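Novice: Predicted model and sequence below, questions to follow.
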Amino acid sequence: AQTVTQSQPEMSVQEAETVTLSCTYDTSESDYYLFWYKQPPSRQMILVIRQEAYKQQNATENRFSVNFQKAAKSFSLKISDSQLGDAAMYFCAYRGGADGLTFGKGTHLIIQP
Amino acid sequence: SQTIHQWPATLVQPVGSPLSLECTVEGTSNPNLYWYRQAAGRGLQLLFYSVGIGQISSEVPQNLSASRPQDRQFILSSKKLLLSDSGFYLCAWSVNRLNTEAFFGQGTRLTVV
């Protein structure tokens, strides 16, 4: 079974600075997809970024980028120029088939003004 | 565009009472459908998924059941609620392909008293 591990229960960063959230996963599959979701206090799950395992190039979406290390099974999220609206729970997720996403336990990101 | 509706938003139920949470998707056909539970301070746990009408797969043995009576309708049920069933329940859908993310409803906060 696949597992996703987020080792940082909570992270804090000053507004306008950069923060990196860690995620590792375990799988025996070669074809899969990885995602980062954001869950603000409203608890709505919002997709931040996605990465296809067969692509070597790291995905980027505006201020959000990932560092995908397939051999190490690592998938970290970097948030640049942090904004107050980035404060939320962030979940790393893995998808290897039709049976849904496997999520990590999340990292609570605090933005210090 | 596709939308997902989940209701009710909040529910307080006594121990031993039945449960029915409903989720419907609009704007797509033959979606994969999912029920997740999020306990306080934890990640999302996949409870059930469905790839078609009447096809339900259970990920975790529990006091809950799911049904898919129509293509875009997914129902989470229980005959007798337990205190441990309290939590935040999220319905989600995805296109029936590997390389797609899941889109989430706004969730139901269930408190069993």
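Specialist: Great, that's in hand.
Novice: beta partners for the one residue sitting closest to the centre of chain B?
Specialist: Nearest to the mean C-alpha position of chain B, by Cα atoms, centre = their mean, lies residue B:35 at 2.9 Å. When bridges are called by DSSP bridges, residue B:35 pairs up with residue B:48, residue B:91.
Novice: Tell me the residues of chain B that contact chain A?
Specialist: Residues of chain B found near chain A (Cβ under 8 Å from any Cβ of the partner chain) are B:32, B:34, B:36, B:42-46, B:49, B:51, B:57, B:59, B:88, B:90, B:92, B:94, B:96, B:98-104, B:106-107. Glycine gets a C-beta too; all of them are placed from N, C-alpha and C.
Novice: Go ahead and confirm the residue nearest to the centre of chain B touches residue B:87.
Specialist: No: taking contacts as Cβ atoms under 8 Å, residue B:35 lies outside contact range of residue B:87: 11.3 Å.
Novice: check which helix or strand covers the residue lying closest to residue B:108 once chain neighbours are set aside.
Specialist: Excluding its sequence neighbours, the residue lying closest to residue B:108 (Cβ to Cβ, 6 or more residues apart in numbering or on different chains) is residue B:89, at 4.7 Å. Applying DSSP states H and E as the criterion places residue B:89 in strand B:87-94.
Novice: number of nearby residues for the residue nearest to residue B:108?
Specialist: Neighbours of residue B:89 under the rule other Cβ atoms under 10 Å in any protein chain shown: 22.
Novice: wait, what's in contact with it?
Specialist: Applying Cβ atoms under 8 Å, 6 or more residues apart in numbering or on different chains, one finds that residue B:89 lies in contact with B:21, B:35, B:36, B:37, B:38, B:76, B:107, B:108, B:109, B:110.
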